[in-house]
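1. test case, fold it:
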Amino acid sequence: MKKFNPWSVLPASFQRLLPSNLVDEISSHCIGVTKLSAGLSNSNYRLHMLHQDWVLRDNKNVQQWCDRDNEVICWQMVEAVKLAPKLIWKSANKQFYLSEFIKQDRFDWSSIYSEYGFNSRERPVNSVFHLNPISQSAEDQTLLKNKQQQALDPVEHLLKLLCELSRLPLPPKVISLTQQWQVYLESLTTISQVEKNQQWQSSFRQLKQRQVEMNAWLADLESCLIAPQFCHRDLSPYNLLFCDDKLQCIDFEYCAASHPMFDLASVLTTHQLTSHQVTSLCKQYFAEQPNLKVGASQYVRQIINCFWMFAAAWALMMAGTEVEDTGKEAEAPIVGNKLTDIAEVKASYFTLFNKYLSLIS
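-> Next comes the predicted model:
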């Protein structure tokens, strides 16, 4: 059988930048490569190694919204407290990261991703968190049969992750909610001066029509702040891994010292939590939160509305970003929908924009 050549499918510049010992390791022990995801900011590959699998991340040049130096520092801070995969190597220009692959054997956390407005009627009545073996071995099937009804408490694990992240030192990047909103507005205003698409211009007007409400929400949130803290700022299920009965996180592009309620909002809005689980998580989080004033819990609706406004602004920025037509398959922000037409990719961002605006209460 012909030996697998990983360099036939991996980016050529990756091999050139790698130190020789890692080139030899991959050449000798990589038996396969799987593309995990691809988007406008990065692409990810799983390197199937003989012992411990690795993940290669190929970053795109998106300095307008991502500080790679800050990203690496935050990753290493989270890794130091064993809440992130080990970063094995990074290229000097931060284009490539090589890290350990974390296998989820008992529960695929990303399987429960779903965007809900706060107190939405569509929240599940019963918990969807149940321990089910992902692999299909005979031993796992027996485990599945014996533990079919064993519930996994998401509140316990999410609360622990939120609290442990909040206690980390502040990252180099510091940005308030108000400052983040201004960054989005300035970027969108710049795009609006050259954007010819009428749908884009109409969407931008829609967003600006919410400015008075947004100012009020931001004022409420800033009023209850004691101090900023370490924030991941994108704790959706896609960025969480469940291994050895604990959560780890990945993807540190948006990390910053910011408002303590933002990570809570990203969890509440992207997880299939029941109303009871939402109430329990909020109650316990605010009880253990030293960086917020008493009474901050009354502003959960405001932070969730700000979260959706940020998401809508991001989607509109993506819809106005030039996508390079490489002739290769592109992937929309909706995981699982692989699109080859740039117009379809753009359209998918308009769909997201409208969805996010509709979730504001």
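2. pLDDT weak spots in the stretch 51-200 of the chain?
-> 62-65, 118-121, 132-149 (pLDDT under 70).
3. where do the strands sit along it?
-> 54-59, 87-90, 96-100 (DSSP state E, counting those that start in this stretch).
4. for residue 269, which of those is the nearest?
-> Taking CB to CB, strand 54-59 is the member of those nearest to residue 269, at 25.0 Å. The C-beta positions use only the backbone N, C-alpha and C, and glycine is treated the same way.
5. residues contacting residue 155?
-> Applying CB atoms under 8 Å, 6 or more residues apart in numbering to residue 155 gives the contacts 273, 277, 280-281, 284.
6. please look at residue 116 and residue 123 and confirm they touch.
-> Yes: Residue 116 is within contact range of residue 123, at 5.6 Å (criterion: CB atoms under 8 Å).
7. overlap in contacts, those two.
-> The contact sets of residue 116 and residue 123 overlap at residue 272 (CB under 8 Å, 6+ apart).
8. out of the contacts of residue 155, which is nearest to residue 308?
-> residue 273 (16.6 Å).
9. surely the closest one and residue 154 touch.
-> Yes: counting by CB under 8 Å, residue 154 is a contact partner of residue 273 at 6.4 Å.
10. who does the nearest residue to residue 237 once chain neighbours are set aside form a beta bridge with?
-> Leaving aside its sequence neighbours, residue 237 sits nearest to residue 113 (CB to CB, 6 or more residues apart in numbering; 4.2 Å). Bridge pairing for residue 113 (DSSP bridges) gives the partners residue 271.
11. can you count the residues close to residue 113?
-> When neighbours are counted by other CB atoms under 10 Å, residue 113 registers 15.
12. and it, how far from residue 103?
-> Note on residue 113: its distance to residue 103, by CB to CB, to the nearest Å, is 19 Å.
13. do the same with residue 274
-> Distance, residue 274 to residue 103, by CB to CB: 28 Å.
14. in terms of packing, which of the two has more residues around it?
-> Shown here are residue 274 and residue 103; by other CB under 10 Å, residue 274 has more neighbours (17 against 11).
15. quick one: contacts for that one?
-> So residue 274 contacts 123-127 (CB under 8 Å, 6+ apart).
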